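Chemist: sequence and predicted structure below; questions after.
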Amino acid sequence: MVNRRRVLFITLVSLAFVLGCNSLWSQTYEDKTWCYRVTVPLDWRIEGKPETTAHFTYNRDASFHIIADPNHPPVTLGHSLQRLRDGGFNKYIESVTDTTVDGEQALWVTVSTELDYRYIVLVVNPNCSSMGLPLYILTNQEDPRELAQFLKNIQLLHN
């Protein structure tokens, strides 16, 4: 009887993985106005309402933030980076490299440790609004692998 239960349990867990049933271990935040969805583990705290900044926190102080800039939608990543530079960040920018978010070109900006955030990723979702909507993804994590993993959990939506 015990072996039969064990086999049933293993079968059900395996089936959940095969069918992609990760909702048992994860939660999803979606902002249809700013056209993105993020899936994170269940033990993360999510704060935010659609059309505002969303905060994703784990381990009390490790966090990620997504901010949309609907007032100045740029046409390109270059415009988005220039807005960041013009907004007072220019003296804190250490490097800018290419990356992707859900298959879209993005810029990975490393900033000085003097700021509350260590990395900022800029992405323009071309499928959100007529000109594209810029998203700024920020983190206070020192390890860039943490942000790289978080970026894999972001899906850009169409509106």
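Modeler: On my side now, so go ahead.
Chemist: now residue 146: which helix or strand?
Modeler: Here residue 146, judged by DSSP states H and E, is contained in helix 144-151.
Chemist: could you point out the helix or strand that follows that helix?
Modeler: Taking DSSP H and E, what comes next after helix 144-151 is strand 154-156.
Chemist: need the contact partners of that next one.
Modeler: When contacts are defined by CB atoms under 8 Å, 6 or more residues apart in numbering, strand 154-156 is touched by residues 35-39, 66, 101-104, 123, 125, 127-128, 137. Any C-beta I mention is one placed from the backbone N, CA and C, and that applies to glycine too.
Chemist: now the buried members of these.
Modeler: Neighbour-count burial (16 or more other CB atoms under 10 Å) applied to those gives 35, 36, 38, 39, 66, 101, 102, 104, 123, 125, 128, 137.
Chemist: residue contacts, the fourth one?
Modeler: If you count contacts by CB under 8 Å, 6+ apart, residue 39 has them with 22, 26, 27, 28, 153, 155.
Chemist: nearest residue to the second one other than its sequence neighbours?
Modeler: Read it as residue 26. The shortest distance from residue 26 to any non-neighbouring residue, by CB to CB, 6 or more residues apart in numbering, is to residue 39 (5.1 Å).
Chemist: ok, what's across the strand from the one you found?
Modeler: Beta bridges link residue 39 to residue 28 when assigned by DSSP bridges.
Chemist: quick check: it vs residue 130, distance?
Modeler: 28 Å (CB to CB, to the nearest Å).
Chemist: residue 136 now?
Modeler: Following CB to CB, the distance that separates residue 136 from residue 130 is 20 Å.
Chemist: higher neighbour count, those two?
Modeler: Taking other CB atoms under 10 Å, residue 136 and residue 130 do not tie; residue 136 has more neighbours (19 against 7).
Chemist: mind checking the SS state of that one?
Modeler: Here residue 136 is strand, with the state taken from DSSP: H, G, I helix; E, B strand; the rest coil.
Chemist: pLDDT at it, what is it?
Modeler: Residue 136 is assigned 93 on the pLDDT scale.
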